[in-house]
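Colleague: Could you work out the structure for the sequence below:
(one chain, ligands or ions: 2)
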Amino acid sequence: MNTEIIKLDQQKIDKKAIEKAAQWIQKKELVAFPTETVYGLGANGLDPEASAKIYAAKGRPSDNPLILHISDIKQLVPLVQEIPEAAKKAMRAFWPGPMTIILNKSDLVPLETTGGLSTVAVRMPDHPIALALIAKSGCPIAAPSANASGRPSPTLAEHVYEDMEGKIPLILDGGMVGIGIESTIIDFSGDMPMILRPGFITKEKLEEVIGETVAIDPAVLKMKRMEGAAPKAPGMKYRHYAPKAKLVLVSGSEHNVISYINKKTKEAHDNDKKVGVIGTDETIALFDADVVLSIGTSSSDRTIAHSLYAVLRQFDHEDVDLIYSQVFESGQNGFAIMNRLMKAAGYERIEV
Ligand code: AMP
Ligand code: MG
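Modeller: Numbering: from 1, shown residues only. Ligands and ions are numbered 1, 2, ... in the order given. Model (predicted):
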């Protein structure tokens, strides 16, 4: 299959391109498109045959459910059973935006889309191209991140092409995404709202809007490889976001972290190995490794969230044997960034 890429201007979206994309969706095919979080791999979410193609293209395990993307709040009602007051408040405050809600599903939503679960995940993305595509297609669009399963999520159309070339007919290229990490997932199907995946919308922001306590899935809070307790978002149990080379996180005072990584770099060089480092604008000049990439500035966690996946992917094009990274815990996005980075590192974190 030939994979076409159409570049779109967000300010002035080419209607013909959206029509073409919507036709592919109606023909049960896959279209990758930009959202404000990461690029999505879209298909008709109410058609089991169409969503099966998502699993095949990504190599995604079939028990890992998909998020349905809508462009109008009216599309939500037929997909779910009841909508609790807390969910309504959150939707009013954060949609369109980087928040996915989980509710009990209606019979309209096929089990193939929800990985066999009786709940469904729904989001209204805050991106003009995504909204135009969903509206034109006339159905909720199931769209996981448009990466091959296990790889870092795509924040550029080029990343999608790397993973999906020959597997899908069309990529809508809207340039670099805005946020760079996936949506916050919040489950409203239980007794208490619970965050299953941290993101740009934090627990504190949700609590402020909902007016009740929001829990965090204990499996997510632990930030380590799970024995026993499985995370409630099935996708969170898989190895994910990982670059090809082994990644190790190093935390401690900045001075200690830099000395430790430089010492490890020297040892690696003695064994003819090449080393990569993930630092910040402020620290990259201080490392002796072969390839040193900045993930952003330590004064803005937004820049770090924005570059995280592009930096992880960049290392796949560099011939390094081992990658060391500083940790980036501060700011509103710190928790979400560390959630992704810990998974990318297979939970290898050294305190120095
Ligand atoms: P992705 O779109 O690739 O970022 O993955 C979607 C995430 O949403 C995965 O981690 C899924 O496990 C999670 N998810 C989707 N639907 C549900 C659901 N009904 N219950 C719990 N988690 C869900
Ligand atoms: Mg994903």
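
Colleague: Would you mind measuring from the closest residue to Ile25 other than its chain neighbours to Glu158?
Modeller: Of all residues not flanking Ile25 in the chain, Ser137 sits nearest, at 4.2 Å (Cβ to Cβ, 6 or more residues apart in numbering). Every residue, glycine included, has its C-beta placed from N, CA and C. Applying Cβ to Cβ, to the nearest Å, the value for Ser137 to Glu158 is 24 Å.

Colleague: neighbour-wise, which of these two wins?
Modeller: Each of Ser137 and Glu158 has its neighbours counted (other Cβ atoms under 10 Å); Ser137 has more, 23 against 14.

Colleague: Hmm, that one is touching Leu46, no?
Modeller: No. With contact defined as Cβ atoms under 8 Å, Ser137 does not reach Leu46; the gap is 10.7 Å.

Colleague: returning to what we had before: show me the contacts for the residue nearest to Ile25.
Modeller: By Cβ atoms under 8 Å, 6 or more residues apart in numbering, Ser137 lies in contact with 21-22, 25-26, 44.

Colleague: and which of those residues is nearest ligand 1?
Modeller: Nearest to ligand 1 among the contacts of Ser137 is Asn44, at 15.9 Å by Cβ to the nearest ligand atom.

Colleague: Can you pull the phi and psi angles for that closest one?
Modeller: With angles defined as degrees, to the nearest 10, Asn44 sits at phi -60, psi 110.

Colleague: for Arg349, same thing?
Modeller: phi -140, psi 130.

Colleague: Run through the bridge partners of the residue lying closest to it once chain neighbours are set aside.
Modeller: Excluding its sequence neighbours, the residue lying closest to Arg349 (Cβ to Cβ, 6+ apart) is Leu249, at 4.3 Å. Beta-bridge partners for Leu249, by DSSP bridges, are Ser325, Arg349.

Colleague: Per-residue confidence, Leu249, what does it come out as?
Modeller: At Leu249, the pLDDT value in this model is 98.

Colleague: Which residues of the stretch 201-350 of the chain lie near ligand 1?
Modeller: By Cβ under 6 Å from any ligand atom, the residues of the stretch 201-350 of the chain that approach ligand 1 are 232-236.

Colleague: farthest-separated two in these?
Modeller: The most widely separated members of those, counting by Cβ to Cβ, are Lys232 and Gly235 (10.3 Å).

Colleague: for ligand 1, what are the nearby residues on the stretch 1-150 of the chain?
Modeller: 64-65, 67, 102, 114, 117, 119-121, 144-145.

Colleague: change it to 5 Å
Modeller: By Cβ under 5 Å from any ligand atom, the residues of the stretch 1-150 of the chain that approach ligand 1 are 65, 67, 102, 117, 119, 121, 144-145.

Colleague: May I see those residues organised as a markdown table, with pLDDT added?
Modeller: Listed next are these as a markdown table, based on pLDDT from 0 to 100:
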| residue | pLDDT |
| --- | --- |
| Pro65 | 96 |
| Ile67 | 98 |
| Ile102 | 98 |
| Leu117 | 97 |
| Thr119 | 98 |
| Ala121 | 98 |
| Pro144 | 97 |
| Ser145 | 97 |
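
Colleague: Among those residues, name the ones in strands.
Modeller: Counted as lying in strands by DSSP state E, out of these, are 67, 102, 119, 121.

Colleague: show me what contacts the last one?
Modeller: Which is Ala121. With Cβ under 8 Å, 6+ apart, Ala121 has these contacts: 65-68, 100-102, 114, 185.

Colleague: what's the neighbour count on Glu29?
Modeller: Glu29 is flanked by 18 other residues according to other Cβ under 10 Å.

Colleague: Could I get the contacting residues of it?
Modeller: Counted by Cβ under 8 Å, 6+ apart, Glu29 has contacts 43, 50, 53, 168-170.

Colleague: now with 10 Å?
Modeller: By Cβ atoms under 10 Å, 6 or more residues apart in numbering, the contact list for Glu29 reads 1, 21, 23, 42-44, 50, 53, 168-170.

Colleague: and if you look at Glu4?
Modeller: Per Cβ under 10 Å, 6+ apart, neighbours of Glu4: 17, 20-21, 24, 31, 168-172.

Colleague: any weak-confidence spans in the stretch 151-300 of the chain?
Modeller: Along the stretch 151-300 of the chain, segments meeting pLDDT under 70 span 226-229, 238-239.

Colleague: Can you tell me which of the contacts of Glu29 is nearest ligand 1?
Modeller: Of the contacts of Glu29, the one sitting nearest to ligand 1 (Cβ to the nearest ligand atom) turns out to be Gly42, at 10.7 Å.

Colleague: Show me what counts as buried in stretch 48-64.
Modeller: 50-55, 57-58, 60, 64 (16 or more other Cβ atoms under 10 Å).

Colleague: Spell out, range by range, the helices that occur in the stretch 201-350 of the chain.
Modeller: Under the criterion DSSP state H, counting those that start in this stretch, helices of the stretch 201-350 of the chain are mapped to 203-210, 218-221, 254-270, 301-317, 334-344.
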